[in-house]
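>>> my questions are about this predicted structure, shown below with the sequence.
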Amino acid sequence: MNVRSRHDAIVRTLRRNGTSTVDALADEVGASRRTVLRDISALRDEGYVIHSDVGRGGGLQLDTQSLQTRAKLSVPEVFALLISVAAMRAAGNLPFSELADAGLAKIEKALPSDKVKDLRAFIECLHIGQLSPQQDLSDIGKMDTDLLPAFETAFLARQFIRFDYWDAKGRKTLRKVEPQAMLILPPLWYLVGWDPARDDFRHYRMDRISNPEAVPDTSFRRRHVPFEDDVCPYSELPP
């Protein structure tokens, strides 16, 4: 569990239970007592009011008013919500689309202007389509949770992204590409990258990507991604 996930889990636990001990929180998030104490300090620095009661029967308590006024969403988190709603809409299984749109609009209004600019730039790289019925989904896996934040950093800063990639035959290679777009063909998600070594676009299934990271001191130019063409044939793309 990464730092942000631990913080979210601690806040959820305190909100749900009312009072909890450091030891109980450590068990909940799978971390040491010292780590949880650092997390509590970091949450307080973010604006959460967490009271500590010493003595028998004491523990930690979260002021719910601080939760309502201080809870924040990052650009990747808002983007994740947007693309999830868009993907469900494309798949035809979003029964409450108007409510979802209204909620997302309120979230966007709460973002600082610079974050809104980043969010819109991020959305421009997104394409959602329909998956071929001939696509084999028997080997679909779980996506690395670090991929979206790494992609956001690389895309907005126009830095290369580096990652390990496992092809359909189980072979692992190290890739370093320009992150040009994201392609969602529910339930498959692709990173569309320009590969300088091959001088062409390549589509990388996100569930086959691991250890993604933006590469500092690199840069690239934005390219036109030919989504009007056959962007994702059902057969395996060339390596």
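Cool, the structure landed. Residues are numbered from 1 along each chain as shown.
>>> which secondary element of this structure has the worst mean pLDDT?
Every helix and strand in the chain was compared by mean pLDDT, DSSP states H and E; the lowest is helix 64-70, with a mean of 64.
>>> flag every buried residue along the helix or strand just after that one.
As assigned by DSSP states H and E, the chain's next helix or strand after helix 64-70 is helix 75-90. For helix 75-90, the buried set under the neighbour-count rule, 16 or more other CB atoms under 10 Å, comprises 75-76, 78-83, 85-88, 90. The C-beta positions use only the backbone N, C-alpha and C, and glycine is treated the same way.
>>> for the residue most central in space within the chain, list the residues it contacts.
Nearest to the mean C-alpha position of the chain, by CA atoms, centre = their mean, lies residue 148 at 3.8 Å. Taking CB atoms under 8 Å, 6 or more residues apart in numbering, we find residue 148 in contact with 76, 79, 80.
>>> not counting its neighbours along the chain, what's nearest the second one?
Setting aside the residues directly before and after it, residue 79 is nearest to residue 122 in space (CB to CB, 6 or more residues apart in numbering), at 5.2 Å.
>>> assumed that neighbour was part of a helix.
Yes. Under DSSP: H, G, I helix; E, B strand; the rest coil, residue 122 falls within a helix.
>>> wait, it touches residue 83, no?
No. The pair residue 122 / residue 83 is not scored as a contact, 9.2 Å apart, by CB atoms under 8 Å.
>>> picking up where we left off before, for the residue nearest to the centre of the chain, helix, strand, or coil?
Following three-state DSSP, residue 148 is assigned to helix.
>>> cool, the one 10 residues further on as well?
Classification of residue 158 into helix, strand or coil gives coil, according to three-state DSSP.
>>> one more: residue 104?
With three-state DSSP as the criterion, residue 104 reads helix.
>>> show me where the chain has its helices.
Remark: helices assigned in the chain by DSSP state H are 3-17, 22-29, 33-46, 64-70, 75-90, 97-110, 113-123, 147-156.
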